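need a 3D model of the sequence below.
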Amino acid sequence: MTVNKNTKSKKENFKAWCDLEIKRILHIWSEESEDKAVQEFKILKEVCHQQKQMESLAGIHRILGMQHYYRGNYIKALGEYNTGLDVGFEYKVLDKIPTQYYAIGACYRALGLYDKGTESVQKGIRMARQLNKSADIVQGLTQIGNLYNANKLFKNSIELLDNNKELLELDTVQVSIGNFNALILYATSYKALGKYVTAMDYLVQADHVLEKLKEHVNNANYQEGYAILQGEYLAVSAYQQDSDREKKHAGMLMNWLEQNEGMFERRSYYIRITLSRYLYQQKEYRQTVNYLEKNLEVDAMTFFDHDTYLYLMKCYTILDEENKLIRLIDQQGGFIEECHDNIRASESHKYNYLKENHETKVELELQKKLLNNVNEMNASLQRFANIASHDLREPLRTIGSFSQLAKKALEKEQYDKLES
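As a prediction, this is how the structure comes out:
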């Protein structure tokens, strides 16, 4: 692989080549093999070292961290993000340091280590202040708010945003994106506190901000924000028992899913969860199961470690009227079983279909091994029989010969020969 030298600088040229390599390797990751992709990234990192392209190297660690994070491998993701931080500090590649800290905070949040996550994000905010990056500061504030909410500290989240309103009012596109996220955070916090009218007011504000951003951000960012907004509209409408608004936003989400799920796999995943809850309440069991099974298929292709299965399983559980966790497991939507309250407690709570498939696979492997063992034993017994048969023939011949001689001696009354 050679780098084209007809561009303005070696650095720009290398970065362009490296970006193409990253796309190629990510395709391998999604279409072929994670192990193969990781090995390819290892080679690419060595090339970056040799060429002293540390900005590209730090970027590769970020991308690897993201890949592991989206697949639920949070420990591996932490390793890549932390290595990226080390590279950034050692070689003064500081521009992405704040967001690296935020990514580490997200990993800790997924692992339930909220204090460590908050500590990491605060480091990122301090770095963003040193670099005078207002948009990164706003992003960090919303990250801490999300950590507060994950830890059920909803009032802390609201207080944090209230104390930093001057930052949220800065008039730049990037800050406006942060402002949109902050308004969504306000809404989710008030929703959790049971203040649904206030939550809806913040969603309306977020809607206005998103419409203003539509002309300034790419379509992918807009569609992502639109899906988040409609999901929150649907959730708050459900709490307000506003069936007409629920139906409206559910319809908008379904249309979004039909048009965009191929482009936004991860967002589509969570939209299907949101819609499945709505459809279950509407007794649309068949469609509910379809959405849930689609997510199960995604997990089967994406997530590999048991801890991740247990962590994600809560996404499929729906609260019934008695506040018990239930899960739809019948394709016709007619059979519902109660799940244990502690869905992450033991290995027995794996997804039924994954467990059954695993048990079937284990049983087939066991049968195959037993069959091989039986075949080997049969072959061994056959070899023994052949050897034994050969070894027994000579003594039998000798006995036969002496028997014949004895018979002749008896017939001739030659008793002295019998004694000899």
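
now the strands for the stretch 51-200 of the chain?
Counting by DSSP state E, counting those that start in this stretch, one finds no strands in the stretch 51-200 of the chain.

so where do the helices sit in it?
54-70, 74-90, 97-110, 114-130, 134-150, 154-162, 165-168, 173-192, 196-213 (DSSP state H, counting those that start in this stretch).

of all residues in this structure, which one is nearest the centre?
The C-alpha lying nearest the average C-alpha coordinate of the chain belongs to residue 71 (C-alpha atoms, centre = their mean; 2.6 Å).

for it, give me the pLDDT.
pLDDT for residue 71: 74.

also the one 10 residues further on?
According to the prediction, residue 81 has pLDDT 92.

now it: closest residue in space that isn't a chain neighbour?
residue 65 (4.2 Å; C-beta to C-beta, 6 or more residues apart in numbering). Yep, even glycine has a C-beta here, placed from its N, CA and C like the rest.

next, count neighbours for the one you found.
Residues within reach of residue 65, counting by other C-beta atoms under 10 Å, total 26.

ok, now residue 231?
The tally of other residues near residue 231 (other C-beta under 10 Å) stands at 23.

could you do residue 243 as well?
When neighbours are counted by other C-beta under 10 Å, residue 243 registers 12.

before we move on, the earlier item: the residue nearest to the centre of the chain and residue 227: what is the separation?
Distance, residue 71 to residue 227, by C-beta to C-beta, to the nearest Å: 21 Å.

also residue 60?
Residue 60 is 29 Å from residue 227, by C-beta to C-beta.

for residue 116, same thing?
Separation of residue 116 from residue 227 (C-beta to C-beta) stands at 29 Å.

which one of those two is surrounded by more residues?
residue 227 (22 against 17).

now whatever helix or strand that one lives in: mean pLDDT?
In the assignment (DSSP states H and E), residue 227 maps to helix 219-239. Regarding helix 219-239, the rounded mean pLDDT is 91.

list the buried residues in it.
Neighbour counts over helix 219-239 (16 or more other C-beta atoms under 10 Å) mark 222-238 as buried.

now swap in stretch 274-284 and tell me
274-280, 284.

quick check, nearest of the residues you listed to residue 111?
For the buried residues of stretch 274-284, the minimum distance to residue 111 (C-beta to C-beta) is 23.6 Å, reached by residue 274.

for residue 254, see how far away the closest residue to that closest one other than its chain neighbours is.
Spatial nearest neighbour of residue 274, chain neighbours left out: residue 231 (4.7 Å); criterion: C-beta to C-beta, 6+ apart. Separation of residue 231 from residue 254 (C-beta to C-beta): 12 Å.

and what of residue 185?
When residue 185 is compared with residue 254 (using C-beta to C-beta), they lie 25 Å apart.

more neighbours, these two?
For residue 185 versus residue 254, the count of surrounding residues by other C-beta under 10 Å is larger for residue 185: 25 against 17.
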